[in-house]
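Chemist: Dropping a prediction and its sequence here:
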Amino acid sequence: MNIKFFSAIAVTAALFSCSGNKTASDSTNTGSQEPTADIKGKWLLENIVVNDSVNVRPAEEIEDPRQYIEFDDSTYFISTNCNSISGWYKINGDSIILGDGAMTEMACENMATEDMLRQVLPYISTIDVINDSITRLNSAEGPQYIVLHKIAE
């Protein structure tokens, strides 16, 4: 009788521990973390870096109009001196995905910002919030990154 009783307890404990573990692993496998970076709002494009010797500072190329990226709830919009780029984004912890969207393709006298954005944007994968007004979007492909400066509203 003792053997049947202990066997029943062992089976019950195993069933409960399996179902409990399944629930815990299901919640961690979804990959959904709270965003650690709040990037909503309008940000000036300070510096776009492809590598140690190739970068562009949009304000130095063309002072007006201001070149910026704006993050809304789930979409982004980039305005350069000539063209615009828009798409969706998703933040998970300190990771970011910038999804494909639309881009105007007007020919302009100075297309340095657009050229650099085309090289860097597809590889952006993480966010470093330096402080309330400076954020850096980093690439998974080497030293590429974009430095943003928050525009006061």
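Modeler: Here it is on my side, so go on. Residues are numbered from 1 along each chain as shown.
Chemist: From now on I want contacts and neighbour counts done on CA atoms only, so please keep to that.
Modeler: Fine.
Chemist: got the end-to-end distance for stretch 55-67?
Modeler: End-to-end span of stretch 55-67 (Cα to Cα, to the nearest Å): 15 Å.
Chemist: Mean confidence (pLDDT) on that stretch, please.
Modeler: The average pLDDT within stretch 55-67 is 89.
Chemist: in it, what's buried?
Modeler: 55, 56, 57, 58, 59, 62, 67 (16 or more other Cα atoms under 10 Å).
Chemist: Can you name the residues that contact the third one?
Modeler: If a contact means Cα atoms under 8 Å, 6 or more residues apart in numbering, then residue 57 has 45, 46, 47, 48, 113 as its contacts.
Chemist: And the helices in the protein?
Modeler: Along the chain, the segments classed as helices by DSSP state H run 2-29, 58-61, 112-120.
Chemist: rank those helices by mean pLDDT and give me the bottom one.
Modeler: Among these, helix 2-29 scores lowest, with a mean of 39.
Chemist: follow-up on the earlier one: the buried residues of stretch 55-67 into JSON lines, with extra columns for distance to residue 38?
Modeler: Converted to JSON lines, those look like this (distance: Cα to Cα, whole Å):
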{"residue": "55", "distance to residue 38": "26"}
{"residue": "56", "distance to residue 38": "25"}
{"residue": "57", "distance to residue 38": "24"}
{"residue": "58", "distance to residue 38": "23"}
{"residue": "59", "distance to residue 38": "24"}
{"residue": "62", "distance to residue 38": "28"}
{"residue": "67", "distance to residue 38": "20"}
